[in-house]
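>>> structure here, sequence nowhere to be found:
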């Protein structure tokens, strides 16, 4: 795994924090922490998208965030556990992993564009 995919992974994990923070933040310092995590998450995504295909980066980023947020809400915040959620998260993760596996490390330049 190269550095750019690590950026995507970290951004997705940080996304879990800020999405949950949007629901649970109440005090000013909590909202400040949410803002910092949003900025950090998007900074990492922008760094990764400089070297990887942006569509794949975004799909993997949101897949990690979605699966992680749903799982964390069930495990830590009392969201109802449903087998259907787990199956759908597994399908989502299979798609995310599949996209990562079939993606070239360097994006191909558009036709007619010189680098």
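Received the coordinates, thanks. The structure displayed is predicted, hence computed values, not measured ones.

>>> for the rest of this, base every contact and every neighbour count on C-alpha atoms.
OK.

>>> tell me where this protein has helices.
With DSSP state H, the ranges of helices along the chain come out as 3-24, 28-49, 54-76, 83-102.

>>> contacts for the worst-scoring helix or strand of the chain on mean pLDDT?
Least confident helix or strand, the chain: helix 83-102 with a mean of 90, by mean pLDDT, DSSP states H and E. The list of residues contacting helix 83-102 from outside it, by Cα atoms under 8 Å, 6 or more residues apart in numbering, reads 56, 59-60, 63-64, 67.

>>> rerun at 7 Å
By Cα atoms under 7 Å, 6 or more residues apart in numbering, the residues outside helix 83-102 that reach it are 56, 59-60, 63, 67.

>>> going by distance to residue 44, which of those wins?
Minimum separation from residue 44 among the contacts of helix 83-102 (Cα to Cα) is found for residue 60, which lies at 12.8 Å.

>>> next one: the closest one from residue 54, what distance?
Here the distance between residue 60 and residue 54 works out to 10 Å (Cα to Cα, to the nearest Å).

>>> residue 38 versus residue 93, what's the distance?
For residue 93, the distance to residue 38 under the criterion Cα to Cα works out to 22 Å.

>>> before we move on, what about residue 98?
Looking at residue 98 against residue 38, where the rule is Cα to Cα, the gap reads 26 Å.

>>> over to residue 22?
As defined by Cα to Cα, residue 22 lies at a distance of 10 Å from residue 38.

>>> okay, these two: which has more neighbours?
Higher neighbour count among residue 22 and residue 38: residue 38, with 18 against 13, using other Cα atoms under 10 Å.

>>> so, low pLDDT: which residues of this protein?
Of all residues in the chain, those with pLDDT under 70 make up the ranges 1, 105-115.

>>> pretty sure residue 61 is in contact with residue 8, am I right?
Yes. Between residue 61 and residue 8 there is a contact at 5.9 Å, judged by Cα atoms under 7 Å.

>>> what's the local residue count around residue 34?
Residue 34 is flanked by 21 other residues according to other Cα under 10 Å.

>>> kindly provide the distance from the residue lying closest to it once chain neighbours are set aside to residue 38.
For residue 34, ignoring the flanking residues on the chain, the nearest one in space by Cα to Cα, 6 or more residues apart in numbering is residue 18 at 5.0 Å. Look at residue 18 and residue 38: by Cα to Cα, they are 6 Å apart.
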